[in-house]
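Novice: This is the structure alone, sequence omitted:
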Ligand SMILES: O=C[C@H](O)COP(=O)(O)O
């Protein structure tokens, strides 16, 4: 059985006080279980305080990005080692907003994925098509290319540990969720890509999330699908109760 991952991506939201309060409100309410990992992806500035607050609980703290270099003259950047040192355990890489607004490419995503493993962070690698690509029937080819480039050069064991988040760009923050069938179709294809490029055993183990307007009302249907192993959630992860409902849906599924 693949353990599901419900990750709340706060993006550029909340104050430090609000972030700490969220962890206070949720950390002891994550149901003890072996079916779901609960993760919160927070802005860099909040990470040390949130790690401290969540210590000893089942809530994991993630970063939303990082640089691929270990150190150097990269003004404004944060290194993989800095995140590890802060106690962070996961890092989101290649989110479509970073690809669109901050020149993230498949090449930098691949470098970051390697860099994450070098320090022992679990990467959550985002892939997904634009509306135009979907309308032109390019979804599968585009996502396949993104996945192949992201995992290039990783060992089989590393690919097994990567979490792949399929996020159709047209469904992010728009209220337009992909149907669970559309979402699963692409997640199934991603698993086939891993099988063809790595191995069947790794493909069977790798976890694939769906992201894009996931909320308590639709999460269950998505999680019931054969190849969807969790969700990467933006808006609906900002409130403690809503986040907990998403986690609970995974536990009870
Ligand atoms: O990282 C999360 C995704 O971008 C989804 O965001 P959303 O749930 O607000 O659509």
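Specialist: Yep, it's here. Because the structure is a prediction, the values reported are computed rather than measured. Numbers count the residues shown, from 1 in each chain.
Novice: The residue in the stretch 151-253 of the chain positioned nearest to the ligand: what's it in contact with?
Specialist: For the stretch 151-253 of the chain, the residue closest to the ligand is residue 234, as judged by C-beta to the nearest ligand atom, at 2.5 Å. Yep, even glycine has a C-beta here, placed from its N, CA and C like the rest. Contacts for residue 234 (C-beta atoms under 8 Å, 6 or more residues apart in numbering) come out as 8, 9, 10, 11, 172, 173, 211.
Novice: can you pull the pLDDT of it?
Specialist: We have a pLDDT of 98 for residue 234.
Novice: From residue 214, how far off is it?
Specialist: Distance, residue 234 to residue 214, using C-beta to C-beta, to the nearest Å: 8 Å.
Novice: Quickly list what's touching both of the two.
Specialist: With C-beta under 8 Å, 6+ apart, residue 234 and residue 214 have no common neighbours.
Novice: thinking again about what came up before, just the buried ones among the contacts of residue 234, please.
Specialist: Buried members of the contacts of residue 234, counted by 16 or more other C-beta atoms under 10 Å: 8, 9, 10, 11, 172, 211.
Novice: and residue 84, how many neighbours does it have?
Specialist: 17 (other C-beta atoms under 10 Å).
Novice: Next: residue 66.
Specialist: Using other C-beta under 10 Å, residue 66 has 25 neighbouring residues.
Novice: And residue 73, by the same measure?
Specialist: 6.
Novice: for it, helix, strand, or coil?
Specialist: coil (DSSP: H, G, I helix; E, B strand; the rest coil).
Novice: so what's it scoring on pLDDT?
Specialist: Predicted confidence (pLDDT) for residue 73: 98.
Novice: now swap in residue 253 and tell me
Specialist: For residue 253, the pLDDT comes out at 68.
Novice: can you check residue 176 too?
Specialist: Taking residue 176 on its own, its pLDDT is 80.
Novice: can you check residue 145 too?
Specialist: You'll see residue 145 listed with a pLDDT of 98.
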